[in-house]
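Student: okay, predicted coordinates and the sequence, questions at the end:
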Amino acid sequence: MKSLLASAGVCALLVISVNTAQAEAVKADNTKQNIGALEENAVVADKQGNGREQIKILGNIRRVIMKQKNLSMDAKNVKILVSDSNFVVLRGPVNSLEEKERLEELVKTCKGVKGIKTSLSVAVKPH
């Protein structure tokens, strides 16, 4: 009988903790960050070029960025999109204006890049 009551108590605690966790869960909403993706001719992941040249350009850009020891992980994780016309779009947060400018410079030096559009934002970090 004691084990039955103990099991019921444990189950009740689990239900309470699951319900509390669900009530505290906050839905992720990055709609404001994705405004640029809603533009009529925006290059988004499902519309980017999938040709050999675009894939090669994308890989080259990512390699060049990842080799930079002075860039934050945020800067290294920006979204890179390459259109069919080899136009590059950068999206995401970076830690400083210097990082934003450095990423733009790096992309411009990559072979095959015809142009660049930057939708990078400088993230305000709490101190």
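Tutor: Received the coordinates, thanks.
Student: what ranges do the strands span in this protein?
Tutor: 79-82, 87-94, 115-122 (DSSP state E).
Student: what are the pairing partners of the first one, and which direction each?
Tutor: When pairs are called by DSSP bridges, strand 79-82 turns out to pair with strand 87-94 (antiparallel).
Student: name the residues that touch the strand it pairs with?
Tutor: In this structure, residues lying in contact with strand 87-94 by C-beta atoms under 8 Å, 6 or more residues apart in numbering are 33, 36-37, 42-43, 57, 61, 72, 74-75, 77-83, 100, 103-104, 107, 113-123. C-beta: built from backbone N, CA, C; applies to glycine.
Student: mind giving me the ChimeraX select for those, buried ones only?
Tutor: A single ChimeraX command selects the buried members of those (16 or more other C-beta atoms under 10 Å):
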select :37,42,43,57,61,74,75,78,80,81,82,83,100,103,104,107,113,116,117,118,119,120
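Student: if we can go back for a sec, now the strands of the chain in JSON lines, with mean pLDDT?
Tutor: Formatted as JSON lines, the strands of the chain follow (pLDDT from 0 to 100):
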{"stretch": "strand 79-82", "mean pLDDT": "93"}
{"stretch": "strand 87-94", "mean pLDDT": "93"}
{"stretch": "strand 115-122", "mean pLDDT": "91"}
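Student: and those as TSV, adding distance to residue 52?
Tutor: Below are these laid out as TSV (distance: least, C-beta to C-beta, whole Å):
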stretch	distance to residue 52
strand 79-82	12
strand 87-94	16
strand 115-122	20
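Student: list the contacts for residue 50?
Tutor: Counting by C-beta under 8 Å, 6+ apart, residue 50 makes contact with nothing.
Student: for it, give its distance to residue 117.
Tutor: Residue 50 is 19 Å from residue 117, where distance means C-beta to C-beta, to the nearest Å.
Student: thanks a lot, catch you later.
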